[in-house]
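1. Here is my input; please provide its structure:
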Amino acid sequence: MKSIIKNASLMLLSLVLVLSFCVTPVRAAGFSVGTTEGDTYANEFFGKKLVLPKGYTFLEGQELATQSGTPLKELNDPAGLVKTIDGGDSVIICYAFDSTGKNNINVSLAKIDMDNEQEVMNILKDFLSDLYTSSGYVVNKLEVNKKKVAGEDHYVLSADLSIGDVDCYQEAVTFLKDGYAMTLTASAFTTDETDKAIANIENTNISLDTKATNG
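-> Numbers count the residues shown, from 1 in each chain. Have a look, this model is predicted:
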């Protein structure tokens, strides 16, 4: 089960890599990797923040490094992470699990040479269809739908999967700005709880002290 959870989580995390290009680094003014404080991840550059649903906790230190695949020394160097992203690599900047240790949410950042969100998500859907199947999953549903996220229209990729006797659900939304992408991915098992993560995305003009009520 543990390996299934890790593999399922990494599928959507790696998607931005498919669309990332090693281009001459040109950093947009104000781009940063954001900050994690308590139960909130905020990124002022994208104007978005995630308040974790009730029962979720962000990984820290070596646990985050191990799960994200980024060395702890690099995670502790925001300026270095920006250079890594500008060089064409995606970075999982935060990772959270619920009390079961199964359901999880993460945020990744990448430099991307596309500016049409719907086009991005449809390309990702086609890529995922092959990736899920080749990884042994039965794809029950895989679709991109326009939804309200933080009061705005965005395109959300949703997957309903099964492998053996395990049900897996995933949702991802990508925000694009000035050649960068911020992707939030939620994975859940047995019961679909992925909508909680999407519902808990807010605009950063709301105080960090304000907590979402979804949980």
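
2. For Asp39, grab the count of nearby residues.
-> 18 (other Cβ atoms under 10 Å). Just so you know, the C-beta spots here come from the backbone N, C-alpha and C atoms, and that holds for glycine as well.

3. In contact with it, which residues?
-> Val51, Leu52, Tyr56, Thr57, Phe58, Lys211 (Cβ atoms under 8 Å, 6 or more residues apart in numbering).

4. Got a quick ChimeraX command for the buried subset of these?
-> Applied in ChimeraX, the following selects the buried portion of the contacts of Asp39 according to 16 or more other Cβ atoms under 10 Å:
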select :51,52,56,58,211
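
5. Select from the contacts of Asp39 every entry located in strands.
-> Val51, Thr57, Phe58 (DSSP state E).

6. Excluding covalently adjacent residues, which one is nearest to the second one?
-> If I follow you right, that is Thr57. Ala96 (6.1 Å; Cβ to Cβ, 6 or more residues apart in numbering).

7. Return the distance of the helix or strand where the one you found lies from the chain's centre.
-> Ala96 belongs to strand 91-97 when elements are defined using DSSP states H and E. Counting by Cα atoms, centre = their mean, to the nearest Å, strand 91-97 is centred 8 Å from the centre of its parent chain.

8. What is it packed up against?
-> strand 57-58, helix 61-68, helix 78-86, strand 104-111 (3 or more Cβ pairs under 8 Å, 6 or more residues apart in numbering; DSSP states H and E).

9. Tell me what angle that strand forms with helix 61-68.
-> If you take axes from the mean of the first three to the mean of the last three Cα atoms, to 10 degrees, strand 91-97 sits at 110 degrees to helix 61-68.

10. Okay, angle between strand 91-97 and strand 104-111 too, please.
-> Using the same axes, to 10 degrees: strand 91-97 against strand 104-111 is 170 degrees.

11. Let me have the contacts of Asp39 in CSV, adding pLDDT and distance to Asp126 as columns.
-> Listed next are the contacts of Asp39 as CSV, based on pLDDT from 0 to 100; distance: Cβ to Cβ, whole Å:
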residue, pLDDT, distance to Asp126
Val51, 96, 32
Leu52, 96, 31
Tyr56, 96, 30
Thr57, 97, 34
Phe58, 97, 32
Lys211, 35, 37
